[in-house]
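>>> structure, please.
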Amino acid sequence: MDHPSLYERLERHRYERLERRVLSENLMKQYSYPRPHPHVKGQALISNARKKYSQIPSNGTKVCRRCRAAYSVNGNGKAVKPEVCNYHPNNTPNPGKPYRCCGGGYTAKPCKTALQHVSDDFDLSNMTGFLLTKENMSVTGREAYALDAEMIYTECGLEIACLSIVNTKCEVVYETMILPDNPILDYNTEFSKLTSSDFAGVTTTLKDVHKKLLTLWGPNTILIGHGLESDLIKLRVIHDKVVDTLVLYPHKRGLPFLNSLQYLKDNYLSSSTFAGTSKKCGQDAIAVMKLAKRIS
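Got it, this is the predicted structure:
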């Protein structure tokens, strides 16, 4: 009879420690994770969505994610006409404190200009096409992966554009650019670090990504992320075993305050370069895995 190697025993122990940090069903609902519809296959339900995602499309109007201006949209949720957007990339400063983007005071004029308003809306009536990983019996191993995704603005809101997945050794096992379903309005470069050149020759769709995920994730897989519910919603995945560093590292002032990933990196990780990937989402996935291993 073969005995497990030292590495296999360490991995089993690491998995068991991470498993103790998996969110309960109640916490998943509290943090607005996509959960399976009880009667409709492939459809997700998201609790607290209207509280957390306040810009639900209504009455032919959307609110710009960047400048907070209202703008008119047609029946498909697309802007009726182009409107210049003037904004601060860091648009929620405390009164009396300068904007981090330009150093201007609270009443400073916007330092950035774009040709179109953008939104991060999503339509609660269109929570279909979700991949339910617990039904994927082709992957039954007990593995843990950290992931991070970058989003860009399209005519229909924020869509996933880049995905990185790393294993417990912080090795990148899957990393891809993703061609959005709708025309791109803005690459969200200030935060995603993506530009038009990153999409040269990209043909991978979300359906292609789902096929790859079915080779990695099954009912026993543990997924780790920071604010992972947002990534899973955009990725159109429903998964039961999740560890969230937002929960592992609660804000000292308690909810509704949340620690940013950058704050956690600055305060709990060494100044390593997170080598292994040139993409921001890859670096963040490595950081998330290190943070989870540190506390589990």
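
>>> residue ranges of the strands in this structure, please?
Under the criterion DSSP state E, the chain contains strands at 34-36, 44-46, 61-63, 70-72, 85-87, 112-114, 131-132, 144-154, 157-166, 172-177, 184-186, 222-225, 237-238, 242-244.

>>> lowest average pLDDT across the ones you listed?
With a mean of 86, strand 61-63 has the lowest mean pLDDT of these.

>>> and the contacts of that one?
For strand 61-63, the external contacting residues (Cβ atoms under 8 Å, 6 or more residues apart in numbering) are 55, 69-73, 77, 79, 117, 119, 121. Every residue, glycine included, has its C-beta placed from N, CA and C.

>>> would you check that residue 289 makes contact with residue 166?
Yes - with contacts counted by Cβ atoms under 8 Å, residue 289 reaches residue 166, the gap being 5.5 Å.

>>> quick check: neighbours shared by the two?
Residues within reach of residue 289 and of residue 166 at once, by Cβ under 8 Å, 6+ apart, are residue 146.

>>> at the geometric centre of this protein, which residue do we find?
residue 231 (2.8 Å; Cα atoms, centre = their mean).

>>> give me the nearest residue to it, chain neighbours excluded.
Excluding its sequence neighbours, the residue lying closest to residue 231 (Cβ to Cβ, 6 or more residues apart in numbering) is residue 149, at 4.4 Å.

>>> before we move on, back to that, what about the strands of the chain, which gets the closest to residue 282?
strand 157-166 (3.8 Å; Cβ to Cβ).

>>> which elements pack onto that closest one?
Other helices and strands packing on strand 157-166, by 3 or more Cβ pairs under 8 Å, 6 or more residues apart in numbering; DSSP states H and E, are strand 144-154, strand 172-177, helix 228-235, helix 280-295.

>>> can you give me the distance of residue 267 to residue 251?
Distance from residue 267 to residue 251, counting by Cβ to Cβ, to the nearest Å: 12 Å.

>>> my bad, residue 122
Residue 122 is 25 Å from residue 251, by Cβ to Cβ.

>>> follow-up on the earlier one: the residue nearest to residue 231: how many residues sit nearby?
Residue 149: 22 surrounding residues under other Cβ atoms under 10 Å.

>>> and it, what are its bridge partners?
In this structure, residue 149 bridges to residue 163 when assessed by DSSP bridges.

>>> my read: it touches residue 280, true?
No - using Cβ under 8 Å, residue 149 makes no contact with residue 280, being 10.2 Å away.

>>> now do the shared contacts for those two.
Taking Cβ under 8 Å, 6+ apart as the criterion, residue 149 and residue 280 both touch residue 162.

>>> neighbours around residue 21, how many?
Residue 21 has 18 nearby residues by other Cβ under 10 Å.

>>> go ahead and confirm it touches residue 296.
Yes - between residue 21 and residue 296 there is a contact at 5.3 Å, judged by Cβ under 8 Å.
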